[in-house]
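> Return a 3D structure for these sequence lines:
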Amino acid sequence: MNDTEIAAFNVDGGAPVDLDVHIAHLAWVRLVRSDTGLRVECATGDAERTVALLARGGARCVRVQGVASASSDLVPAIMSDLAPVVLPGAIDCVTVRTLDLGEATAKLIRGSRSILRRKRDDRELRRVLRADDRLVAWRRVLWARASVLRSQRVRGARPVVFDRGALEHTAERFTFTRADQIGRWARG
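Okay, here's the model as predicted:
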């Protein structure tokens, strides 16, 4: 997707309440946390809807030009969880994709250990089928100085040094909207 197809907003007033629930109504969204605050990027066609959904959560979106980019002195690291990381000068990005009912059901029936608590636990599946919950896929990249990543101050970070294409092809991880993991990440 190129920059002309992406709408970007700075979020005033901190992270919205029930962020996970609101962004699950969009096909995809990219959330960026940095020293300047929280930024939301989405498809241009979803721009008005994004503003309305975040307003329901109590946040005001201000349109900005261009997408967030990292300076050349920052190194990307693939993150394995959504635990908040607060580092001066770092850029923390989470790309979220909402799974439709068919894909979510297939993932849950296959019983991926990373999604379900126990192999035989079908409560999550029933909540998804009843539309009481949604399953979303996420990928997270933390851009930080190499010295910080080498110091192991950031747990779960796998720096990407040579293969920058790995950033787009990492395995997706999953969470339920009721868990509010993305909202906790956004609030830092």
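> And Val29, how close does it get to Arg158?
23 Å (CB to CB, to the nearest Å). All C-beta spots, glycine's among them, are computed from the backbone N, C-alpha and C.
> And for Arg110?
Remark: distance between Arg110 and Arg158 (CB to CB) = 25 Å.
> Give me the more crowded residue out of these two.
Arg158 (13 against 9; other CB atoms under 10 Å).
> Now for the more buried one: which residues touch it?
Contacts here follow CB atoms under 8 Å, 6 or more residues apart in numbering; on that basis Arg158 touches 77-80.
> can you check Arg187 too?
Contacts of Arg187 by CB under 8 Å, 6+ apart are 14-15, 84.
> Also Leu135?
99, 104, 107-108, 115, 128, 174-177.
> which residue sits closest to it, ignoring its sequence neighbours?
Counting by CB to CB, 6 or more residues apart in numbering, Leu135 lies nearest to Ala104, which is 4.0 Å off, once chain neighbours are set aside.
> One more: Leu26?
Using CB to CB, 6+ apart, the nearest residue to Leu26 is Asp46, at 5.3 Å.
> State whether that neighbour is indeed within a helix.
Yes - counting by DSSP: H, G, I helix; E, B strand; the rest coil, Asp46 is part of a helix.
> Would you work out how far apart the start and end of stretch 176-188 are?
Stretch 176-188 has an end-to-end distance of 19 Å (criterion: CA to CA, to the nearest Å).
> again but with stretch 150-168, I slipped
In stretch 150-168, first residue to last residue: 22 Å (CA to CA).
> Which positions within it qualify as buried?
154, 157, 160, 167 (16 or more other CB atoms under 10 Å).
> what distance separates that stretch from the centre of its chain?
17 Å (CA atoms, centre = their mean, to the nearest Å).
> For the remainder of this discussion, apply numbering that starts at 457.
Okay, residue one is now 457; in that scheme the one you just asked about reads as stretch 606-624.
> Tell me the confidence at Ala508?
pLDDT recorded at Ala508 is 94.
> Equivalent analysis for the one 5 residues further on, please.
Model confidence at Gly513, given as pLDDT, is 88.
> That one contacts Asp476, correct?
No - if you go by CB atoms under 8 Å, Gly513 and Asp476 don't touch, sitting 9.9 Å apart.
> so who does Thr633 touch?
For Thr633, the contact set (CB under 8 Å, 6+ apart) comprises 476-477, 480, 589-592.
> same thing but at 7 Å, please
Contact analysis of Thr633 by CB atoms under 7 Å, 6 or more residues apart in numbering lists 476-477, 480, 589-590, 592.
> and if you look at Arg489?
548, 642, 644.
> In PyMOL, how would I select just the buried ones from those residues?
Filtering the contacts of Arg489 down to the buried ones (16+ other CB under 10 Å) takes a single PyMOL command:
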select buried, resi 548+642
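> Could you single out the nearest of the contacts of Arg489 to Ser490?
Ser490 has its nearest neighbour among the contacts of Arg489 in Asp548, at 7.2 Å by CB to CB.
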